[in-house]
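Chemist: what's the 3D shape of this:
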Amino acid sequence: MKYIIRLKQKSHLSFYTLSLNINSGKPHADKFLQNAEKTIFLVGEQPYIFKKSEFGEQHIRLGLIARQTSFLYEITDDKIILHFFWDNRQEPFYEHNDH
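Modeler: You can find the predicted model right below:
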């Protein structure tokens, strides 16, 4: 089954990308967008690929775009709702283990 993917706050992704562009340069922002698109497409194909969130709901998942960027999404019957993106450098939402 393919899911429809809906971004809850479209401006949030744009703002995050603009912030990367200003702080890290356009190549870094472009790479982030490529990784984000690839990861979001993967979630559309395999919605349960990421672990469930600590909120305890099976349908709320915590995805990872890059080590420093997480996103929270919700799985419904026919769509995936991307609630927000999170910069893990501020306060980690996702604990990365290198082991």
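Chemist: Grab the longest strand from this protein for me.
Modeler: Looking across the chain with DSSP state E, the single longest strand is strand 79-87.
Chemist: Give the partner strands of that one in its sheet and their orientations.
Modeler: Next to strand 79-87 in the sheet, as set by DSSP bridges, lie strand 4-7 (parallel), strand 69-75 (antiparallel).
Chemist: Just send these back as TSV, with mean neighbour count and mean pLDDT too.
Modeler: C-betas here are computed from N, CA, C, even on glycine. Conversion of the strands paired with strand 79-87 to TSV gives the following (neighbours: other C-beta atoms under 10 Å; pLDDT from 0 to 100):
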stretch	mean neighbour count	mean pLDDT
strand 4-7	14	69
strand 69-75	21	89
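Chemist: And for residue 86, the neighbour number?
Modeler: The local packing of residue 86 (other C-beta atoms under 10 Å) involves 21 other residues.
Chemist: Tell me the bridge partners for it.
Modeler: Going by DSSP bridges, residue 86 is paired in beta bridges with residue 70.
Chemist: ok, it to residue 65 distance?
Modeler: From residue 86 across to residue 65, the span is 10 Å (C-beta to C-beta, to the nearest Å).
Chemist: now swap in residue 80 and tell me
Modeler: 14 Å.
Chemist: Follow the chain on from the worst-scoring helix or strand of the chain on mean pLDDT and name the next helix or strand.
Modeler: The helix or strand of the chain with the lowest confidence, counting by mean pLDDT, DSSP states H and E, is helix 10-24 at a mean of 61. Later in the chain than helix 10-24, the nearest helix or strand by DSSP states H and E is helix 26-45.
Chemist: quick one: buried residues of that following helix?
Modeler: Residues of helix 26-45 classed as buried under the neighbour-count rule (16 or more other C-beta atoms under 10 Å) are 29, 32-33, 36, 39-40, 43.
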